[in-house]
Structure formats: structure tokens, C-alpha cells
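> just a sequence and a predicted model for now, questions to come.
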Amino acid sequence: MRAQDHWRGHARYTVFDLDYADGERIAALIEAWRADPQRPAHLHIIALTASLQPGVHRIPQPDASITLDLVAAPLETALAELNAHLDFIRLDGAEGLDFVRPLARLSTLDARLVSTGLDAGQRAALAAQGFVFEGESGNAVFSTRKPRLPRTPEPIRRALVLGAGLAGCAAAARLCARGWDVTLIERHPQVAMEASGNLAGIFMPLLSRDDNIPTRLTRGAYLYALRAWEQLGGIGRAFDGAQCGVLQLSRDASHAAVSRAIAQEGKLPPDFARWLEPPDAEQLLGLPAPEGGWLFPQGGWARPGSVCEALLASCGARLTRRFDAGQVSLERAGDDWLARDAAGAIVGQAPTVVLASGAGARHMAQSADLPLQALRGQVTHLAPEYAPQLPLVLCREAYLTPSASGVTCAGATYDLDEDPQLRAASQDENVARLRGLVSDPQAAEGAPLAGRVGFRCVAPDRLPLVGRLPDFSAAGATERLRDVPRHPGLHGLLGYASRGLIWAPLAAELLAAQLEGEPLPLEMSLVDALDPARFVLRARRGSRHPSPTESDIQP
Ligand SMILES: Cc1cc2nc3c(=O)[nH]c(=O)nc-3n(C[C@H](O)[C@H](O)[C@H](O)COP(=O)(O)OP(=O)(O)OC[C@H]3O[C@@H](n4cnc5c(N)ncnc54)[C@H](O)[C@@H]3O)c2cc1C
């Protein structure tokens, strides 16, 4: 029994393989798909592997008709965290019985199962769930009367994306790649004129001892961003930036002790994160590093505006730009949304809207109830004579980039006011932190006031908002995310806080997959952690979040 004997007549076909192994079986499957003139329009492959860090890894493919998800998790965990319709399942060497129910939940009617090495108990359990085996063979066909997971209806592939920063440009790119016609609306004449307008943003993962949800999400986003940027043409090639590495110095001895304990668990691949004791960190940096630090060799910096431009360049003819539109508002018109500029003129109409308006979302009627905050940040720009020249990005409670086009960026402040002007006091703060970072009390002495002010859009839990926006006014007494009423066709990509560079690619891919009803590039528990409706449930439960502190947020 082979997938290619079964996939004809399917528009989208999803294969699940328990063992990616060396990838040769998957490569052969893709080859068979390419060779078949009656192939499904889209082939989605989900395969388990032991060779990657825990979680789902979407591996961008040159051909947008193929999606490959590698999942590093035990079989039953992987299935329980999956939201997919499996058409073909290969189970070689499955262990235990816990996988049987989640597998049946995900299998489509008439799905094919191919297996070797199942024991009698496993066959019986699979049969009890609806897998009808062909004689003594390991091949089975799935059949059940139980209701199946609902399918997302075929979308009308037209969307308005509101906001041309990192979030909106990534959304436009992922939707255009799926054949959507996208109108990107922006109040400014160009991309990246608000939070995404900094000369340099840094990218790096986050570590924790308990591998908590923010850590897992950040890891998934970071790794996906690195792959997506490679696909886009490469950091420093398709857009400005450098994968020069990030050295995150330890704050103090207790921070270093926790870091050392994480390192000693030996779970982190050295190309992802390497703990450096003080002599090694000092040698790398050429400066004192008394408590040591983490080296993220694949981390670095990028100019967000150039990332936005590269993303839009990848969209091709499906993208329409409506820039310089002034303050745009949204209103419902039948099954569509209308976007109107400040003068009331219609600048776009579509059934789907992606709100990627950053801190601006606080002033739009449909998102004003979301608990979003604008956090002012001032970055300081230093000419070469005022800044130490570093081989990599250095950070702790602040960051310092290597010089690019004659400017070193040192930042950034976290302020609660909304003053858009550069302030000497904010620059003093940046310089004080910089001096601590490079152990030089004279660093940046006399540097003129220079830099940029931006406003991060931050949610109380510091995590992004990805998905359909809740309708607070209709929420009532809901207890579960799936019961929260939503604005029809209105989706958010908001709250990227201090990690917009890495959130943008994964969040856009997640939203595009949700709109298409595809398997998602993240575990369900992580998808739920990003659901904008989480704040409806939290508001009902009366949970409170502390206001942001430096240590919560990327330096
Ligand atoms: C000082 C500072 C330092 C930072 N450092 C880093 C870093 O080192 N690494 C990192 O990854 N991230 C960093 N960030 C965060 C990062 O810049 C943001 O997370 C990211 O840029 C957010 O992108 P966005 O597209 O969501 O928002 P934005 O870039 O703000 O884009 C939103 C767009 O929507 C438009 N818009 C809003 N409302 C309307 C409306 N009604 N009509 C028309 N248009 C509208 C706006 O004009 C804007 O262009 C930093 C941010 C700041 C402020």
C-alpha cells in the first residue's frame, strides 16, 4: 500500500510517518508526488525525528505545494498536540497503546495505515478504533461513524493586511505564497516607519530550566525564522544584517549558576547555545566577562525595514500596496470588511482582515478591548569613535550591536510614557547600561544625542497574539477558547513586544495555515498560548499580570 496509490482525487494530502530516519523515504515520496500528473495540489508531510530539539519544526520548501513538518516528540505527545487530517499513516515500530486514540482522532475516513512490527494488543486496539486490517498484514483502512474533526471551509483567498511593519509584511508574504490576493494598507508612505523602523534588531533564543511555554515558543520562532530567512535569500544577502552570533553575559553569580546547570543537562546543541565560562567569554569578546555567558552562534542582528522589503519583494503580483493611507478604520459590509482612510474613502475590501497594526491596534474599534500596551523604547546610535567595536552582538540587560554602515546601536529603554522625541535622559540610561556591559566607565563619553524612538506593542503575558480576534462585547460566560465569540474574518498578528524579528515569520505562517485549514506549524498547546481570545478567559477569571520589567523582556 503506497500513498501514491491513494492520493488521487484529494486536493490536499497529508502523510504522517513515525520515523523520518535519514529522510530518504520522504524524499522518495516527494519524487513520486512530482512524477504523478494526477497528484494532489498540496502534499503535507509530518514525520517524527529524534535528531532535532523538542517541538514542531516546519522546514520551508522551495516548492510551496509541499510542506514538511519534522516533529521531535514521543509519538503520543506528537499526536495529541497535532491538529491535522491524516490521510496516510506509516507506523513502523510504534510502542505502547497510548497513541491509538489520538491517531484515530486525526485519521480521515478511508485513511490508509501501513505498519510493521505491531503486536497483537496494538492491532486489537487499532481495530477497536476503526482500523480494518487487511488479513494478517500491517495494512489497514480507517472507517468510523464517529464525527471527524471539522474541516475549515475552502477560504476566499482575498485579504486586507493592515500595517506594513514586520508582522504585516510577513503575513502578506505567507498569504501570497498560498495564492491569496493581498492588499497591504499602511498609513505611512513606506514600510517599517514605526516599531519596525530601527536600524538594527537583534535575534536570539530564550533559555529556561523548565523549558516553559515562552521558551518553547521562542525556540520554535527563532529556529523557524532562521530557516525562513535562508529561504528568502539569506541574512546579509536578501536583507541587511549579520548572523555574527550573540553573546548574552550573565547578570550575576546566581544567574551564571542557573545557566551552568542548564548547560550541564547537555540538551542544547552547540550551534544553538553554548555556555562559556569567563575565560572563554573574555577571549571571544576581548573584554571582561566576569560571570561568563551564553553564546548563540546563529544569532545576530538584522535591519527590520530591509526584512520587510525582502518579504514584499517575494510576494509578486498578488500584492497590492495601499500606502500613505492615513489613519485607517474598519467596518463590516455584508460578509466583507471595508477599510476606510481618514477621509472616509474605501482603500480596500475583503472577507479576511489581518490586523498587523502594532501599537496602533489600541486605537482601532475592533481591537481596543485587547489588553495591549505601548512601551516606549529609545535606541542610541553611536559613531565608531564612541563605541567599542565588537565581533558579535553583546547583551545583558541592554544590547550593543557590531557597527553597520558606521553606526553602532545601543539600547533600548523601556518607558511607559508616549513621548516620541529623543530624550537625553533615555540616552544617559542607554550609555550607563552600555558602560556596565563593556566594563568601561568612560565608554561613549561625549556621544551626541542620536538614535530613534519606537513603541513596542506588548501584551500582559509578553506573548504575541496570533489568530481570530475575540469579540469582547459578545463574550458572555465562556470558559473555553473555542467557545469565545470572534469577529468574523478578523485576525490579529499583534503584541510582538521586543522580539518582532523572530515572531513575525512563525506567526505569519501559523495564521496562514489556520486560514487554509492546514496542519499547524506549532503544537496545539503553544497555538492556544498565542490565541488572542486567551484574554477573554483571563478577564473572566480575574487574573492579573504584573507590569513588564526589564528581566522579562529581551534586553
Ligand atoms: C526600541 C525598540 C527596540 C527593539 N529591539 C528589538 C530587537 O532587538 N529585536 C527584535 O526582534 N525586536 C525588537 N523590537 C521590537 C520590534 O521592533 C517589534 O516587535 C516589531 O517591529 C513589531 O512589528 P509590527 O509589524 O507588529 O509593528 P509596527 O512595525 O509598529 O507596524 C505596525 C504598522 O501598522 C501601521 N498602522 C497602525 N495602525 C494603523 C491604522 N489605523 N491605519 C493605517 N496604518 C496603521 C503603522 O503605521 C505601522 O507601520 C524593538 C522595538 C523597539 C521599539
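It's in. Residues are numbered from 1 along each chain as shown.

> all contacts plus neighbour counts: C-alpha atoms, from now on.
OK.

> how far is stretch 448-456 from where the chain is centred?
Centroid separation between stretch 448-456 and its chain, computed with CA atoms, centre = their mean, to the nearest Å, is 26 Å.

> check stretch 113-125 too.
Mean-position distance between stretch 113-125 and its chain equals 37 Å (CA atoms, centre = their mean).

> and if you look at stretch 309-323?
Relative to the mean C-alpha coordinate of its chain, stretch 309-323 is positioned 20 Å out (CA atoms, centre = their mean).

> span of that stretch from start to end?
With CA to CA, to the nearest Å as the measure, the first residue of stretch 309-323 is 14 Å from its last.

> for residue 514, which three-state class applies?
The three-state assignment at residue 514 reads helix, by DSSP: H, G, I helix; E, B strand; the rest coil.

> who's in contact with residue 535?
By CA atoms under 8 Å, 6 or more residues apart in numbering, residue 535 lies in contact with 370, 371.

> tell me the SS of it?
Following three-state DSSP, the label given to residue 535 is helix.

> what helices and strands are in contact with the helix or strand where residue 510 lies?
Here residue 510 sits within helix 500-516, counting by DSSP states H and E. Helix 500-516 sits against helix 166-177, strand 201-203, helix 213-232, strand 465-470, with contacts defined as 3 or more CA pairs under 8 Å, 6 or more residues apart in numbering; DSSP states H and E.

> starting from the shortest one, tell me which strands it pairs with and how they run.
Think strand 201-203. Pairing partners of strand 201-203, with direction, according to DSSP bridges: strand 300-302 (antiparallel).

> by mean pLDDT, point me to the weakest helix or strand of this protein.
Across the helices and strands of the chain, mean pLDDT, DSSP states H and E gives its lowest value to helix 534-541, namely a mean of 82.

> in that helix, which residues are buried?
The neighbour-count check on helix 534-541 (16 or more other CA atoms under 10 Å) flags 534, 535, 536, 537 as buried.

> the helix holding residue 510 and the ligand in contact?
Yes. Looking at helix 500-516 against the ligand by CA under 6 Å from any ligand atom, the contacts come from 500, 501, 502.

> list the contacts of that helix.
Contact with helix 500-516 is made by 152, 154-155, 166-167, 170-171, 174-175, 196, 201-203, 218, 220-222, 224-225, 228, 304, 464, 466-467, 493, 496, 519-522, as judged by CA under 8 Å, 6+ apart.

> that helix to helix 213-232, inter-axis angle?
90 degrees (axes from the mean of the first three to the mean of the last three CA atoms, to 10 degrees).

> work out the gap between helix 500-516 and the centre of the chain.
Here the centre of helix 500-516 is set off from its chain's centre by 5 Å, with CA atoms, centre = their mean.

> just the CA atoms of it, as CSV, please.
Extracted in CSV, the C-alpha atoms of helix 500-516 (Å, rounded to 0.1, in the frame of the first residue of the first chain):
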residue,chain,number,x,y,z
GLY,A,500,9.3,41.1,16.4
LEU,A,501,12.1,39.8,14.2
ILE,A,502,11.6,36.2,15.2
TRP,A,503,7.8,36.2,16.0
ALA,A,504,6.9,37.6,12.6
PRO,A,505,7.8,34.6,10.3
LEU,A,506,6.3,31.9,12.5
ALA,A,507,3.2,33.8,13.5
ALA,A,508,2.5,34.7,9.8
GLU,A,509,3.0,31.0,8.8
LEU,A,510,0.7,29.9,11.7
LEU,A,511,-2.1,32.4,10.7
ALA,A,512,-1.9,31.4,7.0
ALA,A,513,-2.1,27.7,7.9
GLN,A,514,-5.1,28.4,10.2
LEU,A,515,-6.8,30.3,7.4
GLU,A,516,-6.2,27.5,5.0
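
> restricting to C-alpha, output the helix or strand that comes right after that helix in PDB.
Downstream of helix 500-516, the first helix or strand assigned by DSSP H and E is helix 524-530. What follows is helix 524-530, C-alpha atoms only, in PDB (Å, rounded to 0.1, in the frame of the first residue of the first chain):
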ATOM      1  CA  MET A 524      -1.700  22.900  19.900                       C
ATOM      2  CA  SER A 525      -0.800  23.900  23.500                       C
ATOM      3  CA  LEU A 526       1.500  26.600  22.000                       C
ATOM      4  CA  VAL A 527      -1.100  27.700  19.500                       C
ATOM      5  CA  ASP A 528      -3.500  28.200  22.400                       C
ATOM      6  CA  ALA A 529      -0.900  30.200  24.300                       C
ATOM      7  CA  LEU A 530      -1.000  32.700  21.400                       C
END
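
> which strands or helices does helix 524-530 pack on?
Where contact means 3+ CA pairs under 8 Å, 6+ apart, helix 524-530 is packed against helix 213-232, strand 465-470.

> is any part of the first one close to the ligand?
Going back to what we said before, that points to helix 213-232. No. Helix 213-232 stays clear of the ligand (CA under 6 Å from any ligand atom), getting no nearer than 9.9 Å.

> list the contacts for residue 394?
By CA under 8 Å, 6+ apart, residue 394 lies in contact with 246, 247, 248, 249, 400, 401, 437.

> quick one: it is in a helix?
No. With three-state DSSP as the criterion, residue 394 is strand rather than part of a helix.

> quick one: it and residue 402, what's the gap?
Remark: distance between residue 394 and residue 402 (CA to CA) = 8 Å.

> residue 242 against residue 234, yeah?
No. Residue 242 is beyond contact range of residue 234, at 9.5 Å (criterion: CA atoms under 8 Å).

> which of those two has more neighbours?
The residue with more neighbours, out of residue 242 and residue 234, is residue 242; 21 against 17, by other CA atoms under 10 Å.

> report the beta-bridge partners for that one.
The partner list for residue 242 in beta bridges (DSSP bridges) reads residue 301.

> how many neighbours does the closest residue to residue 19 other than its chain neighbours have?
Leaving out its chain neighbours, the residue that sits closest to residue 19 by CA to CA, 6 or more residues apart in numbering is residue 48, at 5.1 Å. By other CA under 10 Å, the residues close to residue 48 number 22.

> re earlier: which ones among the contacts of residue 394 map onto strands?
Here DSSP state E is the test, and the contacts of residue 394 give 246, 247, 248, 249, 400 as lying in strands.

> pLDDT for those - can I get that in TSV?
Output for these, formatted as TSV (pLDDT from 0 to 100):
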residue	pLDDT
246	98
247	98
248	97
249	97
400	96
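
> could you identify the most distant pair in those residues?
With CA to CA as the measure, no two of the ones in strands among the contacts of residue 394 lie farther apart than 249 and 400, at 11.8 Å.

> so those two - more neighbours on which side?
Using other CA under 10 Å as the criterion, residue 249 and residue 400 rank with residue 400 on top: 32 against 24.

> now for that one: which residues touch it?
393, 394, 408, 409, 410, 411, 434.

> which of those fall in strands?
Per DSSP E, strands hold the following members of these: 393, 394, 408, 409, 410, 411.
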